[in-house]
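1. Can you look at this prediction? I've put the sequence above it.
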Amino acid sequence: MIYVGLLRGINVGGNNKVEMKKLKTTFESLGFTNVITHINSGNIIFESNSIQQGNITAKVEKAIKNDFQLDLNVLVKDINSIVRIFENLPATWVKDKTMRTDVMFLWEKFDFPEVIEKLRTNPVDNIKYVPGALLWNVEGENYSKSGMLNLMGTDLYRNMTIRNVNTFRKIHQIMMDLNNR
């Protein structure tokens with residue numbers, strides 16, 4: 001099975017520094033194969049034939065604590081989850097000078113459709129729930145009017161890890177390339 005490990009809060013503002021080359025070695029030491037990192041924000045694509053998905057998170061978090069002395073939250077998603085999110089992401093939702101789109105991966109505590117009701121969105125926000133994630137989009141000119149700016153510091157915010165849509169699409173592509181080789 002192909003997975004992506006999404007580390008929350010690394011290499012942000014000089015905090016929780018994790019070198020991707022060393023992180024790759026950590027994952028390989030756990031027996032994972034075809035380990036690929038993507039950018040410096042904690043995206044690790046890998047394969048595992050012997051470990052159940054439910055056990056991967058605990059093993060990875062323990063290894064990161066041992067190798068980096070960091071207590072990090074890691075969210076593991078299999079290829080089927082990533083494909084489902086990708087298929088529900090409108091192709092017109094992009095991240096460029098005119099638009100911002102993020103994929104907000106949810107921990108189990110908030111992974112349910114009614115999570116949208118916990119958000120203080122404004123009419124400028126476009127938001128969709130897909131199992132495992134919230135998809136958020138806003139026109140660039142309306143970014144400062146977005147109700148999603150109030151998300152920081154909330155319990156919901158602490159139970160998600162966010163990737164911009166360009167990063168998400170690249171993760172999806174890497175996983176599909178691994179799957180199709």
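-> Right, received. Where do you want to start? What you see is a predicted model; the values in this text were computed from it and never measured.
2. Need the residues that contact the helix or strand of the chain with the lowest mean pLDDT.
-> Using mean pLDDT, DSSP states H and E, helix 53-68 stands out as the lowest-scoring helix or strand of the chain, at a mean of 91. Outside helix 53-68, the residues within contact range by CB atoms under 8 Å, 6 or more residues apart in numbering are 1, 3, 5, 7, 18, 22-23, 26-27, 29-30, 48, 51, 70-76, 78. No exception for glycine: its C-beta is placed from N, CA and C like everyone else's.
3. Mind giving me the packing neighbours of the next helix or strand after it?
-> Using DSSP states H and E, the helix or strand that follows helix 53-68 in sequence is strand 74-78. Strand 74-78 sits against strand 2-7, helix 53-68, with contacts defined as 3 or more CB pairs under 8 Å, 6 or more residues apart in numbering; DSSP states H and E.
4. Out of these, which gets nearest to Phe86?
-> Each of the helices and strands packed on strand 74-78 has some distance to Phe86 by CB to CB; the shortest is strand 2-7, at 11.8 Å.
5. Now do that closest one against helix 53-68, angle only.
-> Relative orientation of strand 2-7 versus helix 53-68 (axes from the mean of the first three to the mean of the last three CA atoms, to 10 degrees): 50 degrees.
6. From Arg158, how far off is Met99?
-> As for Met99, its distance to Arg158 is 26 Å (criterion: CB to CB, to the nearest Å).
7. Please identify which of the two sits among more neighbours.
-> Neighbour tally, Met99 and Arg158, criterion other CB atoms under 10 Å: the higher count belongs to Met99, 18 against 14.
8. So which bits of stretch 133-153 are buried?
-> Residues 133-138, 146, 148, 151 are the ones in stretch 133-153 that count as buried (16 or more other CB atoms under 10 Å).
9. Tabulate the CA atom coordinates of it in PDB.
-> The C-alpha trace of stretch 133-153 is given here as PDB (Å, rounded to 0.1, in the frame of the first residue of the first chain):
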ATOM      1  CA  ALA A 133     -10.200  16.800   4.700                       C
ATOM      2  CA  LEU A 134     -11.700  20.200   4.200                       C
ATOM      3  CA  LEU A 135     -11.200  21.900   0.900                       C
ATOM      4  CA  TRP A 136     -11.100  25.700   1.100                       C
ATOM      5  CA  ASN A 137     -11.000  28.200  -1.600                       C
ATOM      6  CA  VAL A 138     -11.200  32.000  -1.800                       C
ATOM      7  CA  GLU A 139     -10.500  34.600  -4.500                       C
ATOM      8  CA  GLY A 140      -7.300  36.400  -3.700                       C
ATOM      9  CA  GLU A 141      -8.900  39.800  -3.600                       C
ATOM     10  CA  ASN A 142     -11.200  38.500  -0.800                       C
ATOM     11  CA  TYR A 143      -8.600  36.700   1.300                       C
ATOM     12  CA  SER A 144      -8.600  39.400   4.000                       C
ATOM     13  CA  LYS A 145     -12.400  39.000   4.200                       C
ATOM     14  CA  SER A 146     -12.300  35.200   4.700                       C
ATOM     15  CA  GLY A 147     -13.800  33.800   7.900                       C
ATOM     16  CA  MET A 148     -11.100  31.100   7.800                       C
ATOM     17  CA  LEU A 149      -8.600  33.600   9.100                       C
ATOM     18  CA  ASN A 150     -10.300  33.000  12.500                       C
ATOM     19  CA  LEU A 151      -9.400  29.300  12.500                       C
ATOM     20  CA  MET A 152      -5.900  29.800  14.000                       C
ATOM     21  CA  GLY A 153      -5.600  28.900  17.600                       C
END
